[in-house]
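Trainee: pasting the sequence and the predicted coordinates here, then a few questions.
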Amino acid sequence: MTATAQAAAGPPLRPREDADLATRIARSAAAGPRRARYGAVDDVHGWLDERRAAIRFAVERVPFAELDAWSFHEDTGNLVHRSGRFFTVEGLHVRRQTDDDPWTQWHQPVLVQPEVGILGILAKEIDGVLHFLMQAKMEPGNPNLLQLSPTVQATRSNYSKVHRGAAVRHLEYFVEPGRGRILSDVLQSEHGSWFLHKRNRNMVVEVTGDVPPHDDFRWLTLGQLAALLHQDNVVNMDARSVLAGLPGPRRSHALHPDTAVLSWLARERARHTVRADRTPLATVPDWTHDDRAVHRADGRFFAVVAVAVQAGNREVAQWTQPLFAPRGEGVVAFLTRSFDGVPHVLAAARPEGGLLDTAEVGPTVQCTPGNHAHLPPERRPPFLDLVLDPDPAKVRYDVRHSEEGGRFLDSVSRYLVVEADESRAPRQAPPGFQWLTHAQLSDLARYGHHVSVQARTLLTCLNAMTAGSP
C-alpha cells in the first residue's frame, strides 16, 4: 500500500488494551521500600518532615465573621464566596424509597461544587520500573496537615486562578492533549453524603521526557506507596482514588460472572428511588446556626465551621474557608472470603443523596458508629458489630486514613479488611450485597459512577495488601 493510500485508509487498528501495562504495574508494586531508586520508606517520612519544617503551615478555627470573601447570603442563608466560584454550602432535602417501603426523608447542609476538578498523577519509567510523581501537599482539614497527594490536585477555580494565586505546577500534562500517554482517565464521584453531584477527573498520565524537579515532589514506586498505605494518615484520599483506576490483577473466575454483577447493580439502582432537592441553608430543620458553627442540637453527624489557613507552598499563601467537621471517627470495611481459592469482598450497593446515579458499589460497612449508638441492634447497619470488634486473627488490614482534607476537618475513618466465614457472611449474600473478586471491583473502578470513593480507597488498600506490607 502506498503512503497516500495508507493515509486515506486512516490509522491502523490497535489492540484494545495494553497487554504489557499490567505486567509493568506488577513490577512497580514489587519494587518495594528497599529496592526503589529513591530510597526506603523511612526516607519518604524524612522528606515529609523536611517539608513540614521548611514551610509554615497553620490552621485555626475562627468565627464565621472572620471569613474573608465568604458570607451567608441574606435571602437564602447559603454560605457563598463573593466570586460565585469554588463551592457553596446549601440545604438539601433527601427523600428515599426502596420498592414498596415507606418513604424516608431528612434535611442537612450539603456542599455544592459543580466544577469538575483534576486529580492527576504523572507516571514515568525509571531504571525499567514505573514510578509515580507524588506531591507533599498541605490540606487544611488533614489531621497532620501534610500528606502525599497526586501530582496535580486542583479545582477548576484553582487552576483558572480565581484566587489570583500562582499557577498549578505540572497542570499542562493533564489539560494539554498529547503531553503524555494516558494510563487511566475517568470521572469519579466523591462523598455522596456530603457533596451534591460532585465529580473529579481522575487521571494517570505516563511521560518519557524530563519533568522539572521540585522539592515538594518525589517519584515513588507502587511498592513504596503500598508500604505507606499500611501507615495512618500518610497517603491522602485523592491519591488513593486515582491509584484505584490503574488496572488490577487479572482472574478469570469468580462467584458471579461480570454480567450478573452489572445486572445486580442495575437492579439495585432501579429498586431505589432517591430525590434530592436543594433548599436554603437557613431553612434546614433541626440544624442550628451560631457564630462559629452550623450544627445539630444533638451533636450528631457533622458541623459546618470556618478556618483561617497559612500554607507557604500553596498557590495562595493564606486564606479562609468553610469546612465540614464530622462528629466522631468513621469505619469503612470490607468483609472478605475465599471461594474455591479466589478472594472475594462483600460489596454493598449504597444509595446516597448526593450521588448522580442513585447508588454505587460501596464497602460492606460504611458509617460513623456514634451516629447509630442510640439505635437497637436490629436497626444498626448490617455487619457493623462484626467490624467494630473483630477477632484480631481475622483482620487483614487496619489503617486510619483521612478523607478529603480540602473540604473536611479532621475527618478520619478506620479502614478495615476482615476475614469472615459462612456463619457471619454467607455465600448467599443478603439483599443489597454481592460478592465480588478484586479484579471485578478493579474493572468497575475504571468506569465513572460505579465504585464509591470509600470503596476505591479500600480497592487501593487491597492492592497494597497484595504488594505486601512494609
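Mentor: Arrived safely, thanks for sending. Numbers count the residues shown, from 1 in each chain.

Trainee: which residue ranges of the stretch 201-350 of the chain form strands?
Mentor: Taking DSSP state E, counting those that start in this stretch to define them, one finds strands in the stretch 201-350 of the chain at 217-220, 272-279, 287-289, 294-296, 302-311, 318-326, 330-339, 342-351.

Trainee: out of the ones you listed, flag the one nearest residue 249.
Mentor: strand 342-351 (10.0 Å; C-beta to C-beta). Using the backbone N, CA and C atoms, a C-beta is placed for each residue, glycine as well.

Trainee: and the following helix or strand past that closest one, what other elements does it pack with?
Mentor: Per DSSP states H and E, the first helix or strand lying C-terminal to strand 342-351 is strand 359-362. Applying 3 or more C-beta pairs under 8 Å, 6 or more residues apart in numbering; DSSP states H and E, one finds that strand 359-362 makes contact with helix 258-271, strand 342-351, helix 453-467.

Trainee: most packed of those?
Mentor: helix 453-467 (a mean of 24; mean count of other C-beta atoms under 10 Å).

Trainee: quick one: that helix to chain centroid distance?
Mentor: Counting by C-alpha atoms, centre = their mean, to the nearest Å, helix 453-467 is centred 11 Å from the centre of its parent chain.

Trainee: if we can go back for a sec, to residue 121, which of the helices and strands packed on strand 359-362 lies closest?
Mentor: Short answer: helix 453-467, nearest of the helices and strands packed on strand 359-362 by C-beta to C-beta, at 11.9 Å.

Trainee: let me see the backbone angles for residue 28.
Mentor: In terms of degrees, to the nearest 10, the main-chain angles of residue 28 are phi -70, psi -40.

Trainee: I figured it was touching residue 223, is that so?
Mentor: Yes: using C-beta atoms under 8 Å, residue 28 is in contact with residue 223, at 6.6 Å.

Trainee: and residue 136, which of the helices and strands packed on strand 359-362 is closest to it?
Mentor: Per C-beta to C-beta, nearest to residue 136 of the helices and strands packed on strand 359-362: helix 453-467, 18.9 Å.

Trainee: what angle separates that closest one from strand 330-339?
Mentor: 50 degrees (axes from the mean of the first three to the mean of the last three C-alpha atoms, to 10 degrees).

Trainee: pLDDT on helix 453-467, on average?
Mentor: Mean per-residue pLDDT for helix 453-467: 94.

Trainee: for stretch 77-90, same thing?
Mentor: 95.

Trainee: make sure residue 217 is actually in contact with residue 137.
Mentor: No: applying C-beta under 8 Å, one finds residue 217 not in contact with residue 137, separated by 9.6 Å.

Trainee: name the helix or strand for residue 90, please.
Mentor: Short version: residue 90 belongs to strand 88-98, going by DSSP H and E.

Trainee: let me know the next secondary structure element after that strand.
Mentor: strand 104-112.

Trainee: just how off-centre is that following strand within its chain?
Mentor: 20 Å.

Trainee: what is the very next helix or strand once past that strand packed up against?
Mentor: Note on strand 104-112: by DSSP H and E, the next helix or strand toward the C-terminus is strand 117-126. The contact analysis (3+ C-beta pairs under 8 Å, 6+ apart) places strand 117-126 against strand 129-138, strand 152-154, helix 156-159, helix 172-175, strand 199-207, helix 237-243.

Trainee: on the three-state scheme, the closest residue to residue 128 other than its chain neighbours is what?
Mentor: What sits nearest to residue 128 in space, not counting adjacent residues and going by C-beta to C-beta, 6 or more residues apart in numbering, is residue 27, at 7.7 Å. When classified by DSSP: H, G, I helix; E, B strand; the rest coil, residue 27 comes out as helix.
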